[in-house]
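Participant: Kindly return the folded structure for what I paste below:
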Amino acid sequence: MDDSATPSENASPPDPHSRGPASLVDVARVSDHVAVITLNRPQVLNALSIDLAIALDDTLRRVGDDNSVRVMVLTGAGRAFCSGLDLKDYGVVPNIDGLQVGQIAQRSMRVYSRLVTTLRGLRQPVIAAINGPAYGGGMCLAMACDLRFASSSATFNATGIVNGLTSTEMAAAWLLPRQIGSTHANDLLLTGRVVEADEAHRIGLVSRLADPVLDEALAAAGRMAEFSPYGLAMTKDVLWANLEIGSLAAAVELEDRNQLMLGFTDNLPEAIRAFGQNRSPVYTDEPRRDLFTPPA
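Facilitator: Residues are numbered from 1 along each chain as shown. Model prediction:
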């Protein structure tokens, strides 16, 4: 992918079958291996309703099942990434016949929280292109992505505490301390203050600031898509798994085994060949046959 390309320059027309229910979520393939997923409720700053959460979860899983997709970019339509729960029209969770109030409430919460585990379970890395406010569940969505890039207009806020609830939703109390440390995480989650883009970058909530942020995300996704898809998936798995591993020894054992698994592919020999021929490597993840061929 040309790093200088923008969606308007090289994106193919969206497949009509690649749109979420009621067009709440749009999908565009901007190259052979990169897909952009866009929350499409700009009139309410992409606020999370039950319908949008379900459509997003379904879309992430469907795009994730496409073996040709190596990297995803998640962003919002209009001037916001996601403003959190839609307080005016949050919708009704489906399939609740015969359930009591407590059961319905629990099922509704799971519609939102499972987005975090869905993003974690995708084999493809997901870049959040945070183009504006990311509040409440929107901030949690961004935290659940593997990379977070923000525009200068991006702002972050843990709105639960402001609205008389708790800021600890959608794995926020697990993710945020691991990403920015407990001192900064406590400050955000307990005070409900708004964090501007510059501060978000300084404390490590986002790794890059760029305008337009989607261009930066697409450029990074294009470069990542040139890597081994097996290597990308395994790196993502280990990065997440090692957040939960209880010891250095266990982390090293996991990393050793994953590196050996990639070492049994032809990728490293291809990298060496490409370096010697002054070209870019083309990774196929095919088995490395010279390990099993006796020398002549």
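Participant: Please count neighbours and contacts with C-alpha atoms only from this point.
Facilitator: OK.
Participant: contact partners of stretch 165-182?
Facilitator: Residues outside stretch 165-182 that contact it (Cα atoms under 8 Å, 6 or more residues apart in numbering) are 112-114, 116, 136-137, 140, 143-144, 158-161, 183-186, 189-190, 192, 203-205, 243.
Participant: For it, list the C-alpha coordinates in PDB.
Facilitator: In PDB, the C-alpha atoms belonging to stretch 165-182 read as follows (Å, rounded to 0.1, in the frame of the first residue of the first chain):
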ATOM      1  CA  LEU A 165     -22.400   5.400  37.800                       C
ATOM      2  CA  THR A 166     -18.900   3.900  37.900                       C
ATOM      3  CA  SER A 167     -16.100   4.500  35.500                       C
ATOM      4  CA  THR A 168     -15.100   0.900  35.800                       C
ATOM      5  CA  GLU A 169     -16.800  -0.500  32.700                       C
ATOM      6  CA  MET A 170     -15.800  -2.500  29.700                       C
ATOM      7  CA  ALA A 171     -12.600  -3.600  31.400                       C
ATOM      8  CA  ALA A 172     -11.400   0.000  32.000                       C
ATOM      9  CA  ALA A 173     -10.100  -0.800  35.500                       C
ATOM     10  CA  TRP A 174      -8.000  -3.700  34.000                       C
ATOM     11  CA  LEU A 175      -6.800  -2.000  30.700                       C
ATOM     12  CA  LEU A 176      -6.100   1.500  31.800                       C
ATOM     13  CA  PRO A 177      -3.600   0.900  34.600                       C
ATOM     14  CA  ARG A 178      -1.700  -1.500  32.300                       C
ATOM     15  CA  GLN A 179      -1.600   1.200  29.600                       C
ATOM     16  CA  ILE A 180      -0.800   4.300  31.500                       C
ATOM     17  CA  GLY A 181      -0.100   3.200  35.100                       C
ATOM     18  CA  SER A 182      -2.300   3.200  38.100                       C
END
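Participant: quick one: that stretch to chain centroid distance?
Facilitator: 16 Å (Cα atoms, centre = their mean, to the nearest Å).
Participant: for stretch 92-110, same thing?
Facilitator: 27 Å.
Participant: do stretch 229-245 as well
Facilitator: On Cα atoms, centre = their mean, the centre of stretch 229-245 falls 13 Å from that of its chain.
Participant: so how many other residues sit close to Ala142?
Facilitator: 28 (other Cα atoms under 10 Å).
Participant: Look at it and report its pLDDT.
Facilitator: Note on Ala142: pLDDT of 98.
Participant: With adjacent residues omitted, what lies nearest to it?
Facilitator: Ala128 (5.7 Å; Cα to Cα, 6 or more residues apart in numbering).
Participant: List only buried entries from the contacts of stretch 165-182.
Facilitator: For the contacts of stretch 165-182, a neighbour count by 16 or more other Cα atoms under 10 Å gives the buried set as 112-114, 116, 136-137, 140, 143-144, 158-161, 185, 189, 192, 205.
Participant: Go through those residues and flag which are in helices.
Facilitator: 112-114, 116, 137, 140, 143-144, 159-161, 185, 189 (DSSP state H).
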